[in-house]
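**Q** Need a 3D model of the following:
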Amino acid sequence: MGPTRPPPVSDGGTVALLAPSAPVADERLDRAVARLESGFGVEVVRFPTARREPSDGPAPPAERAREIETAFTDPAVEAVVSATGGDDQLRVLAALDPGPLRRHPTRFFGYSDNDNLRLFLWRLGQVSWGITAHPDLTVDPELHPYVRRYLSRALFEETIGTVEPATEWTDEWFDFETEQPRTWRDAPGWSWRDRGPATGPVWGGSLAIVRWHLGTERYLPDPDRLDGGVLTLETSETLPEAREVGYLLRTLGERGWLARFDGLLVGRPRAHSPPAARDPDFDDYRRAIRDHAEAQLDRYAPSVTAAFDVDFGHTSPIFPLPLGATARLDPDANEIRFK
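**A** Residues are numbered from 1 along each chain as shown. Below you'll find the predicted structure:
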C-alpha cells in the first residue's frame, strides 16, 4: 500500500499557520502571511502558538500537540504551515494522538526541527513537505522564483514532479533591518554517485533529527518499509563536522538499515551561520561531506545511488522535499522526480 498524499489545497483554500516548534516575531510572520495570501491566493489563519512572543519560548509540548490535532481535524483547514524550526519538537510527539492525524490527512509543511513531526506522519503513511514560513517565505525583498515554483506545486498539485537544480544559491543571513539583497553565487549543481536509477519512498530529514529518532527509538519505522527507499539527509544551520554525516551513515550501516536503501539525497550544506562556532569553506565542506558519505556507502551499501548538493535544507533557494513520496533518481538525466 502506497503513502497517503493529503488532498491539494483548493483555490482560495485555508492554510493554518502554527508554531509546533519555536515561535517567530510577528512582523516576520506577517510577511509570510502576506506572501502566501497575495502570491498563492490562500487564506491564512494564525493559530495561538504562532502568536506567541519569541521571548516566551515554545508553548508546552501538550499544548502544541493539541493544536496540531485541532488544525488537522478542522474541516476548513487544507494545509498546515510551520512557523519555523527549533530544537525540542521531539517532546511534542509523546503527547500527539495519531488517531485524528490518521483520520484527517492534511498537507503539512515544515523541516529542520519539524522533521520530528514529519517522521511521525511518515509512520502514519502520510506525505509532508519541507518548507517553513520563516525563513523561506520571509527573507529577501521578494520571494525567490525557485521557491515560488515548487511551493505552488506542493500546495496545489498532486506532486511536485520533476525538480531541476537551482542556478544560484546563498547561505547569507538576511538583514531584516536594512532589507539589503543578499549576495547570490552560481549554484554548483548536483553531483552524483552513479549506481544506476533508483526509485523508492523518501525517509530521513535533518541530520540531528534522524539521530534523535535513532536514539529514542520510539518513532522509528518498520525497517521493512525502508526497503528500496531513498534516504535524505541535510546538515542544518549548526554546521556539524563533515565526519558526523559519515558517523550517522555508519550507525545506519551497523543497524542493517543503510543497505536497505537504493538511493541517498544529501542537501546542499550551509557553510555560514553566525551562531555557529565556525565557518568552513563551502567547497571544502561539501566535498568532505561527500567523501565521508561515500566511504560509508562503499562499506555498507555499495549499490546505492546518491545525489549531493541537492536544493533542500538550510540554504536558499530550496524546493519543499516531500518526505514519504516516491522519488526517482536518474543520474544519466541529472533528474530527480517525485510522485
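**Q** all helices of the stretch 151-300 of the chain, in order?
**A** Counting by DSSP state H, counting those that start in this stretch, the stretch 151-300 of the chain has helices at residues 207-216, 242-255, 282-300.
**Q** how big is the angle separating the shortest one from helix 242-255?
**A** Between the direction of helix 207-216 and that of helix 242-255, the angle (axes from the mean of the first three to the mean of the last three Cα atoms, to 10 degrees) works out to 30 degrees.
**Q** Residues in contact with helix 207-216: which ones?
**A** The contact list for helix 207-216, computed with Cβ atoms under 8 Å, 6 or more residues apart in numbering, reads 90, 112-113, 115-116, 119, 204, 219-220, 233-236, 238, 240, 244-245, 248, 251-252, 255. Any C-beta I mention is one placed from the backbone N, CA and C, and that applies to glycine too.
**Q** go on, the longest one?
**A** With Cβ under 8 Å, 6+ apart as the test, helix 282-300 has contacts from 171, 188, 191, 193, 235, 239, 242-243, 245-246, 249-250, 252-254, 258-259, 264, 266, 268-269, 271-272, 304, 306, 308-309.
**Q** Quick one: buried ones out of those?
**A** Buried members of these, scored by 16 or more other Cβ atoms under 10 Å, are 171, 191, 193, 235, 239, 242, 245-246, 249-250, 252-253, 258, 264, 266, 268-269, 271-272, 304, 306, 308-309.
**Q** now this protein, which segments are flagged as low pLDDT?
**A** Within the chain, the segments meeting pLDDT under 70 span 1.
**Q** any idea which strand is longest in it?
**A** Determined from DSSP state E, the single longest strand within the chain is strand 198-206.
**Q** Sheet partners, orientation included, of it?
**A** Note on strand 198-206: by DSSP bridges, its sheet partners are strand 230-234 (parallel), strand 326-330 (antiparallel).
**Q** Using TSV, please lay out the ones you listed together with distance to residue 338.
**A** Conversion of the strands paired with strand 198-206 to TSV gives the following (distance: least, Cβ to Cβ, whole Å):
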stretch	distance to residue 338
strand 230-234	10
strand 326-330	5
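**Q** Tell me how far stretch 46-56 lies from the chain's centre.
**A** 22 Å (Cα atoms, centre = their mean, to the nearest Å).
**Q** Just the residues contacting it, thanks.
**A** Residues outside stretch 46-56 that contact it (Cβ under 8 Å, 6+ apart) are 16-20, 22-26, 29, 33, 58-59, 63-64, 67, 70-71, 83.
**Q** End to end on it, go ahead and measure it.
**A** Start-to-end span of stretch 46-56 (Cα to Cα, to the nearest Å) is 17 Å.
**Q** Only the buried residues of it, if you could.
**A** So for stretch 46-56, counting by 16+ other Cβ under 10 Å, buried means 46, 47, 49, 50, 52.
**Q** Show only the entries of those residues found in strands.
**A** Among the buried residues of stretch 46-56, the members found in strands (DSSP E) are residue 46.
**Q** With distance to residue 103 added, can I get the buried residues of stretch 46-56 in CSV?
**A** What follows is the buried residues of stretch 46-56, written out as CSV (distance: Cβ to Cβ, whole Å):
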residue, distance to residue 103
46, 25
47, 20
49, 22
50, 24
52, 28
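**Q** Of the contacts of helix 207-216, grab the buried ones for ChimeraX.
**A** Buried residues among these (16+ other Cβ under 10 Å), as a ChimeraX selection:
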select :90,112,113,115,116,119,204,219,220,233,234,235,236,238,240,244,245,248,251,252
